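Visitor: Below are the sequence and a predicted model for it; my questions follow.
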Amino acid sequence: MLRLIENWLRSAINETVDKALTRLVRDQYPESIAEMLPSLQKVGGVRFAELLMRSAQGAPAPRPLGSPQRFSPWEQLLFNPVHLCRFPTPENVPVATAVTIGPRARRPLTVAIPILIAGMSFGGALSKRAKIALARAASAVGTATNTGEAGLLAEERAAARLLIGQYNRGGWLNAPEQYRQLDAIEIQLGQGAQGSTPQRTRARNIGPDYREVFGLAEGEDAVIHSRLPGVNSQQEFIRLVRRLRAETGVPVGLKIAATHHLERELAVALEAGVDFVTVDGAEGGTHGGAPTLQDDMGLPTLYAVARARDYLVRQKAAGGVSLIAAGGLITPGQMLKAMALGADAVYIGTAAVIALIGDQAVEALPFEPPTSMVVYTGKLTDQLDEDRAARSLQRFLNACVTEMEMVAVSLGRTALADINKSDLCALDPVLARATGVQLGLVAPDRQERLFPELAGRWQPGWLPPAEPPGGSLPERQDPLEPVH
């Protein structure tokens, strides 16, 4: 019987394909289904789908997880292993991974690894289960997670050993009784995927738990304004930073979308006395943003990090003001390259969410996207296993740091923080000019003949210390330790 069914199916499929191919080649091009092929190639699959969504809905298509375009040419930067000019780090010498954010603050934030979980809000982006799992994984490896633009979720605060909270444009975490519970305050003025554009979550998508955390009335929309409430001048921003620093003692920083006005923005931030700056490149993700905001606005992460670091150095603020890179950092190599260009730490969002879902994605596929298990409005949020999710992200973070340590050994470094531009070479002359990384196509002694205007800007290499840095720093758990 099964043989008969199989033969019938094969025959039916064969006949259908034969008729389709015959019609394909005989019909005139405008009447053929093949007419879609050049259209798809010309427009692109993603843009084709979004074009249809705009025409059907009459509104921007809220694309999740950021732009599919790859703006930062990370693959054009490579690390320089050493053999004799400087010896690799002995395998019995540990590589220091800890970093301190806001060293000038009365209560600096020290994390065991330089990878932080980016701001993704409860309700506006992620479910409660997802936020708790992110916090638990971050705590297990000794790093910090971020509230995103939301109110203070009690369960997240309880699960997070270190919590960075966003003083935000919605005003939901801006009261003293809330921000005094934080380990660092990040004043959120914009993000890479949406700039400073206002956002609105309709009341119909807001459940009771969301309303409670955000302090919203029944039927009230959640609105993120283009400006921070009460901050309509540079002087008002400066007063806000100084008040928060004096009142809390924790690091107070600024998060902005990377922009060609970067140095002008940083000048105001430094005058205010911020402890850290988060620069979110154009590749930054979001729970759902207009494609034009994601694809056509901002500055790529790679160039933003290099420019921000150069400005901090010129202003003699590097070392005192921490720089956090964000926006499309997916692989450990990209994260470490951002640090080599001058970032003290990096945020990951999209990568963290994908790692959080991990092998639970099979529970959603093929009929629902895996993100339906973690976004607040997803159909499958109740199916996310918090333990498995936290464990999956913990393993991912440990694997990333292990790979970073392996690179450090090959570079002859004993701390991730010691890796710098001299450990990189660029494969593109324009990239070399822009970043101050030497061009790998020619010998180091020929660099200044090629780029005389950059004379003295190249960062020389240096010998690593014989012993690893001392001091008491937090340690991440062994990869096999359970998440508590």
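Guide: That came in fine, so what should we check first? Residues are numbered from 1 along each chain as shown.
Visitor: contacts and neighbour counts: CA atoms only from here.
Guide: OK.
Visitor: Phe396 reaches Ile354, doesn't it?
Guide: No - between Phe396 and Ile354 there is no contact under C-alpha atoms under 8 Å: 9.9 Å.
Visitor: Compare those two and say which is more crowded by neighbours.
Guide: Set side by side, Phe396 and Ile354 show more neighbours around Phe396, with 21 against 18, by other C-alpha atoms under 10 Å.
Visitor: Grab the nearest non-local neighbour of the more buried one.
Guide: Excluding its sequence neighbours, the residue lying closest to Phe396 (C-alpha to C-alpha, 6 or more residues apart in numbering) is Ala355, at 6.4 Å.
Visitor: average pLDDT across whichever strand or helix holds the one you found?
Guide: Using DSSP states H and E, Ala355 falls within helix 350-357. For helix 350-357, the mean pLDDT works out to 94.
Visitor: on contacts alone, who are the packing partners of the next helix or strand after that helix?
Guide: For helix 350-357, the following helix or strand on the C-terminal side (DSSP H and E) is helix 386-411. With contacts defined as 3 or more C-alpha pairs under 8 Å, 6 or more residues apart in numbering; DSSP states H and E, the packing partners of helix 386-411 are helix 128-141, helix 332-340, helix 350-357.
Visitor: Deepest-packed of those, please.
Guide: Greatest average neighbour count among the helices and strands packed on helix 386-411 goes to helix 128-141 (a mean of 27), per mean count of other C-alpha atoms under 10 Å.
Visitor: then it to CSV, C-alphas only?
Guide: Output of helix 128-141 as CSV, limited to C-alpha atoms (Å, rounded to 0.1, in the frame of the first residue of the first chain):
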residue,chain,number,x,y,z
LYS,A,128,9.4,38.5,31.8
ARG,A,129,10.8,35.0,31.4
ALA,A,130,13.3,36.1,28.8
LYS,A,131,14.4,39.1,31.0
ILE,A,132,14.9,36.8,34.0
ALA,A,133,16.8,34.3,32.0
LEU,A,134,19.1,37.0,30.7
ALA,A,135,19.7,38.3,34.2
ARG,A,136,20.5,34.8,35.5
ALA,A,137,22.9,34.0,32.8
ALA,A,138,24.7,37.3,33.2
SER,A,139,25.0,36.7,37.0
ALA,A,140,26.4,33.3,36.4
VAL,A,141,29.4,34.6,34.4
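Visitor: Any idea how far apart the tips of stretch 137-148 sit?
Guide: Taking C-alpha to C-alpha, to the nearest Å, the first and last residues of stretch 137-148 lie 17 Å apart.
Visitor: Got the domain ranges for this protein?
Guide: By the assignment in automatic domain parsing, the chain contains the domains 2-43, 74-418.
Visitor: so how far is Gly349 from Ile330?
Guide: 9 Å.
Visitor: okay, these two: which has more neighbours?
Guide: Ranked by neighbour count (other C-alpha under 10 Å), Ile330 and Gly349 place Gly349 first, with 23 against 15.
Visitor: my read: the more buried one touches Ser121, true?
Guide: No - in this structure, Gly349 is not within contact of Ser121 by C-alpha under 8 Å, at 11.0 Å.
Visitor: How about the contacts made by His260?
Guide: 298-299 (C-alpha atoms under 8 Å, 6 or more residues apart in numbering).
Visitor: please redo it, this time with the cut-off set to 10 Å
Guide: Residues near His260 by C-alpha atoms under 10 Å, 6 or more residues apart in numbering: 298-300, 303-304, 307.
Visitor: Which one of these sits in the busiest neighbourhood?
Guide: Each of the contacts of His260 was scored for neighbours by other C-alpha under 10 Å, and Ala304 scores highest at 28 neighbours.
Visitor: who's in contact with the residue nearest to the spatial centre of the chain?
Guide: Centroid-nearest residue in the chain, with C-alpha atoms, centre = their mean: Ile348, separated by 3.4 Å. With contact set as C-alpha under 10 Å, 6+ apart, Ile348 has these partners: 115-119, 145, 284-285, 325-331, 335.
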